[in-house]
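A.B. asks: fold the following for me, if possible:
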Amino acid sequence: MPMKLSILIPVFNERRTIREIVRRVLEQDVPGVDDREVIIVDDGSSDGSAEVIRELHQAHPETIIPILLEENQGKGNAIRLAIQAASGDIAIIQDADLEYNPADFEIVLSPIISGVADVVYGSRFAEREQRRVLYFRHTLANRFLTFLSNLFTNLNLTDMETCYKAFRVEVAKTIPIRSKRFGIEPELTAKFAKRKLRIFEVPISYHGRTYAEGKKITWTDGVRAFRTIIKFWLIDDMFEGDYGHKDLIDMEAAPKYTEWTLERTRPYVGDLLLEIGSGIGNNVRILMQYTDVIATEIEPVYLQVLRNAYLNTPSVTVRTWDATLPPPPDLPQPDSILCSNVIEHIQDDQAVACNADAVLKPGGRMIFIVPRGENLFSSLDTAIGHVRRYDQERLTALFTNLGYEIEELFTLNKIGVIGWWYRGKVAKQQAIGRFGLKVFNVLVPVFKLIDPLLPWKGLSLVIVARKPDTPST
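C.D. replies: Okay, the predicted model is just below:
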């Protein structure tokens, strides 16, 4: 399907080159692209660049979109504004100097147009026919920053600092950009990686310029880039707007707790498990090790994360399903259903149980995990969108009403009750925080050992209910 391309050009004091780069951009024909727009953001230039941009807009009013800022705010801010204004299907960042050649658009954009990539980096250091030989120390710094970025993102890029980054616009619009200057390069890389986007890298030509010719980046920007790499390794600021609950992302910091919970229910899992509300796949990564999984979600951004993460995983299928509605007729029948920390967000929890029953095979099992203790409901529950917490009577009724046999009902994480009570009831906090979850994750083996010894009930309530082999009459 033909696509619209948005070319994003940040400009700061590039009067000598902006006309030529725009001419080269407009000359490029990219197979698969049938429409384009050029969004030029002048970042408070003082050399007359804004006047040139106005003239270019007058010459191409339907193609060139100018954004003129009165004060310099940095490349990152300019790109953020350009992404917000973009109306294309795919976008590519183009510097306003002549270091990067728009003739490379086709090779950079091809993986996205063909549908195999969400993001493509144009690498100056991958093998290519020609590149201008310039500063050794500058190249060394680039490679070092790329190495650090790779170390913290677990990617294997050769050129994180490249200008040529192409991406699907619908994804980019959901990623918040906080860096105002050149820190945007490691920031975007960290967020692309954490969002589990499909990232490709292709070789490009590069004709770098000297500082005498107008190069602006300095060693101080390298220091800022290093700080940005560390910052966005620690902080999970991946979604713009109201895309779901941050706790789904934070829970990635506590995989041992997820393993503990699923380990207790593993004996009840069959050959095909359907998960209601898979989020970003925290449970799927464990479940896929011992069963085939149908991961379901209703949030488009999470669905994209899941599809990207399990694109080449035959044992995982990603489907759209709102469990408050009847299942799609083509949804496969599983022999087990997992619903972990979902129904506490939903007003009509009985509807979820009934719709799950409609798709579950006779003799199959439901495994529901919910937050326990109505008396523990606090500011933390309100902050993460809980409608309720559960005691065993309410949770059991969801399944006895359907004629199910309750095979097991138990609680987990008794030590967590103390922390939840203090943070939510006493301190009135609004979030546990990623650091707290990381500490908790380290201590899970200890908590797991002492859990059976503590005299009170745990923070999580788990039920395993078996569907009758034949429909009740």
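A.B. asks: what about the most centrally placed residue in the chain, distance to Gln28?
C.D. replies: Per C-alpha atoms, centre = their mean, the C-alpha nearest to the average position across the chain is that of Arg195, at 2.5 Å. Using C-beta to C-beta, to the nearest Å, we find Arg195 at a distance of 28 Å from Gln28. Where C-beta positions appear, they are placed from N, C-alpha and C, glycine not excepted.
A.B. asks: now do the domain split for the protein, please.
C.D. replies: With domains defined by automatic domain parsing, the chain comprises 3-234, 246-466.
A.B. asks: now the first one: how far from the chain's centre is it?
C.D. replies: The one in question is domain 3-234. 20 Å (C-alpha atoms, centre = their mean, to the nearest Å).
A.B. asks: number of nearby residues for Leu26?
C.D. replies: 16 (other C-beta atoms under 10 Å).
A.B. asks: pretty sure it sits in a strand.
C.D. replies: No. Applying DSSP: H, G, I helix; E, B strand; the rest coil, one finds Leu26 to be helix, outside a strand.
A.B. asks: correct me, but Leu338 touches Gly364?
C.D. replies: No. Leu338 lies out of contact with Gly364 (C-beta atoms under 8 Å); the separation is 11.5 Å.
A.B. asks: in this structure, where is pLDDT below threshold?
C.D. replies: For the chain, applying pLDDT under 70 flags the ranges 127-139, 208-219, 221-222, 240-254, 431-436, 471-473.
A.B. asks: what about the longest strand in it?
C.D. replies: Using DSSP state E, we find that the single longest strand of the chain is strand 33-43.
A.B. asks: tell me which residues of that strand come out buried.
C.D. replies: Using 16 or more other C-beta atoms under 10 Å as the test for burial, strand 33-43 gives Val33, Arg36, Glu37, Val38, Ile39, Ile40, Val41, Asp42, Asp43.
A.B. asks: check stretch 257-265 too.
C.D. replies: Quick answer for stretch 257-265 (16+ other C-beta under 10 Å): Tyr257, Thr258, Glu259, Trp260, Thr261, Leu262, Arg264, Thr265.
A.B. asks: so which residues of the stretch 151-300 of the chain form strands?
C.D. replies: 165-168, 199-203, 272-276, 292-297 (DSSP state E, counting those that start in this stretch).
A.B. asks: hang on, the earlier thing: strand partners (parallel or antiparallel) of the longest strand of the chain?
C.D. replies: strand 3-11 (parallel), strand 64-69 (parallel) (DSSP bridges).
A.B. asks: pick the most deeply packed of these.
C.D. replies: strand 3-11 (a mean of 24; mean count of other C-beta atoms under 10 Å).
A.B. asks: export that strand as PDB, just CAs?
C.D. replies: Taking C-alpha atoms only, strand 3-11 is exported to PDB below (Å, rounded to 0.1, in the frame of the first residue of the first chain):
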ATOM      1  CA  MET A   3       2.500   5.500   2.000                       C
ATOM      2  CA  LYS A   4       3.000   9.200   2.900                       C
ATOM      3  CA  LEU A   5       6.500  10.200   4.000                       C
ATOM      4  CA  SER A   6       7.200  12.900   6.500                       C
ATOM      5  CA  ILE A   7      10.700  14.400   6.300                       C
ATOM      6  CA  LEU A   8      11.600  16.100   9.500                       C
ATOM      7  CA  ILE A   9      14.300  18.800   9.200                       C
ATOM      8  CA  PRO A  10      15.600  20.600  12.300                       C
ATOM      9  CA  VAL A  11      17.400  23.900  11.400                       C
END
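A.B. asks: for Tyr390, which non-adjacent residue is closest in space?
C.D. replies: With sequence-adjacent residues excluded and distances taken as C-beta to C-beta, 6 or more residues apart in numbering, Tyr390 is closest to Val370, at 4.5 Å.
A.B. asks: for Asp34, what are its contacts?
C.D. replies: Residues in contact with Asp34 (C-beta atoms under 8 Å, 6 or more residues apart in numbering) are Pro2, Met3, Lys4.
A.B. asks: and the residues you listed as TSV, adding distance to Ile463?
C.D. replies: Shown next, in TSV, are the contacts of Asp34 (distance: C-beta to C-beta, whole Å):
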residue	distance to Ile463
Pro2	51
Met3	48
Lys4	50
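A.B. asks: out of the strands paired with strand 33-43, the one nearest Asp357 is which?
C.D. replies: strand 3-11 (42.8 Å; C-beta to C-beta).
A.B. asks: who's in contact with that closest one?
C.D. replies: 18, 21-22, 25, 30, 32-43, 45, 49, 53, 75, 78-79, 82-83, 86-96, 105, 109, 113, 169.
A.B. asks: so among those, which ones count as buried?
C.D. replies: Applying 16+ other C-beta under 10 Å to the contacts of strand 3-11 flags 18, 21-22, 25, 30, 32-33, 36-43, 45, 49, 53, 75, 78-79, 82-83, 86, 88-96, 105, 109, 113, 169 as buried.
A.B. asks: what count of nearby residues applies to the residue nearest to Tyr390?
C.D. replies: Neighbours around Val370, by other C-beta under 10 Å: 23.
A.B. asks: just to be sure, it is in a strand?
C.D. replies: Yes. Assessed by three-state DSSP, Val370 belongs to a strand.
A.B. asks: that one reaches Asp391, doesn't it?
C.D. replies: No. Counting by C-beta under 8 Å, Val370 sits too far from Asp391 to count as a contact (9.9 Å).
A.B. asks: so which of the strands of the stretch 151-300 of the chain gets nearest Asn355?
C.D. replies: strand 272-276 (8.9 Å).
A.B. asks: list the helices and strands that closest one packs on?
C.D. replies: helix 284-287, strand 292-297, strand 336-340, helix 349-359 (3 or more C-beta pairs under 8 Å, 6 or more residues apart in numbering; DSSP states H and E).
A.B. asks: since that was my last question, I'll sign off now.
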